[in-house]
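Enquirer: Turn this into a model:
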Amino acid sequence: MKKLLLTALLSLSSFGAFAEVKTVTLEVPTMNCATCPITVKKSLENVDGVEKAKVTYKPKLAVVSFDDTKTNINALIAATTNAGYPSNLKGENK
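Expert: The predicted model follows:
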């Protein structure tokens with residue numbers, strides 16, 4: 001019985017073993033007012049796997065933490081673009 005319980009516990013603990021929280025910074029150059037970040041943040045938070053999104057107007061940036069087993073950078077960019085605010089990974093020229 002103890003061996004079965006131990007095996008079950010080890011199996012449950014391994015479910016999240018491959019998940020990794022990643023953080024990326026997106027440039028959102030088309031934000032042109034102080035309320036734009038609200039829309040961008042909501043669009044990012046609606047993506048399955050996003051754990052946190054901080055969007056700031058002045059530097060026109062979105063810092064996003066996400067579970068890389070549930071989403072990816074392309075999905076984040078698509079979310080902001082679909083909300084009317086095209087973005088790109090900071091440092092990439094597009």
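
Enquirer: Quick one: residues contacting S87.
Expert: L26, E27, V28, P29, V40, A62, L76, I77, T80, T81 (C-beta atoms under 8 Å, 6 or more residues apart in numbering). No exception for glycine: its C-beta is placed from N, CA and C like everyone else's.

Enquirer: which residues of this structure fall in strands?
Expert: For the chain, the strands defined by DSSP state E occupy 21-27, 50-56, 61-67, 88-89.

Enquirer: can you list those strands in TSV and add mean neighbour count?
Expert: What follows is the strands of the chain, written out as TSV (neighbours: other C-beta atoms under 10 Å):
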stretch	mean neighbour count
strand 21-27	15
strand 50-56	17
strand 61-67	20
strand 88-89	15
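
Enquirer: Out of those strands, flag the one nearest A34.
Expert: strand 50-56 (10.0 Å; C-beta to C-beta).

Enquirer: For that closest one, which helices and strands make contact with it?
Expert: For strand 50-56, the elements it packs on are helix 36-45, strand 61-67, judged by 3 or more C-beta pairs under 8 Å, 6 or more residues apart in numbering; DSSP states H and E.

Enquirer: which stretches of this protein aren't confidently modelled?
Expert: 1-18, 93-94 (pLDDT under 70).
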